[in-house]
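# here are the coordinates; sequence isn't available:
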C-alpha cells in the first residue's frame, strides 16, 4: 500500500509536512483500484473526494446534448484528478472523469483535506501549491485554444503529456486539441514529427 503513496509522500515532505500529520493523512485516505472504463465522477455528481493518480490514466470530458464528448484534460500518474470547482463549491460536477487504463488512486475525502488545512499551515501550503499548478495548467489550456493553430496545440499536447500519444487513441487527442479525428490524421500525415 505504501508504494501507492510514494509520490504523494515525497510532495508532502517537500512541503515540510511532519511525519505525524502524514500518518494522519494516510489513515484517513484509502487506495482505490479503478478498472479501465470506470467513471470516477459523472456529470451531475456531487464531488466529495479529491483523487491522486498513483498508476494509470484518466480523461476529463464534457458531453454535449447531442452526445458528443470533448476532452478537456488528462490525468496520468502523479497527478490530481477531481472536479475541484464542484468539490469546493458543493455543486454538481459539470464534467465526467473516466479511467482510460486500469488505475490506482488515493481517495482523499474533501472534509479531511479541509481539516488538515485548518490545523496545519504546511498542509495549507501543500494544497495551495497543488491548486496553483492546476490553475496554471487551466490558463495554459485556455491560451492554447484561443491563440494556437491545430499543429501548435498538438505540439503543446506532446510537451504537456510526454508519451501520452502512445497511450491514448488519436480521436481522444483530436477531441482535446479541438479538431476532428480526420483533421488530426491529415495534419499528422502532412506535417509529421
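That came in fine, so what should we check first? Keep in mind the model is a prediction, meaning the values are calculated, not measured.
# which of the three states applies to the residue nearest to residue 33 when sequence neighbours are not counted?
Closest residue in space to residue 33, ignoring its immediate chain neighbours: residue 104 at 5.6 Å, by CB to CB, 6 or more residues apart in numbering. C-beta here means a position set from N, CA and C on the backbone, and glycine is covered the same way. For residue 104, the secondary-structure state derived from DSSP: H, G, I helix; E, B strand; the rest coil is strand.
# what of the one 10 residues further on?
Using three-state DSSP as the criterion, the local structure at residue 114 reads helix.
# and what of residue 70?
Strictly by three-state DSSP, residue 70 counts as strand.
# quick one: contacts for it?
Neighbouring residues of residue 70 by CB atoms under 8 Å, 6 or more residues apart in numbering: 61, 62, 63, 64, 175, 178.
# residue 30 is in contact with the residue nearest to residue 33, correct?
No. Between residue 104 and residue 30 there is no contact under CB atoms under 8 Å: 10.9 Å.
# for residue 17, which non-adjacent residue is spatially closest?
Nearest residue to residue 17, sequence neighbours excluded (CB to CB, 6+ apart): residue 122, at 4.8 Å.
# counting by contacts, list what the longest helix seen in the chain packs against.
What stands out as the longest helix in the chain, according to DSSP state H, is helix 121-147. In terms of contacts (3 or more CB pairs under 8 Å, 6 or more residues apart in numbering; DSSP states H and E), helix 121-147 is packed against helix 2-14, strand 69-76, helix 110-119, helix 150-160.
# mean confidence for that helix?
For helix 121-147, mean pLDDT rounds to 90.
# starting at the chain centroid, how far to it?
11 Å (CA atoms, centre = their mean, to the nearest Å).
# how near is residue 38 to residue 120?
The span separating residue 38 from residue 120 equals 33 Å under the rule CB to CB, to the nearest Å.
# much appreciated, bye for now.
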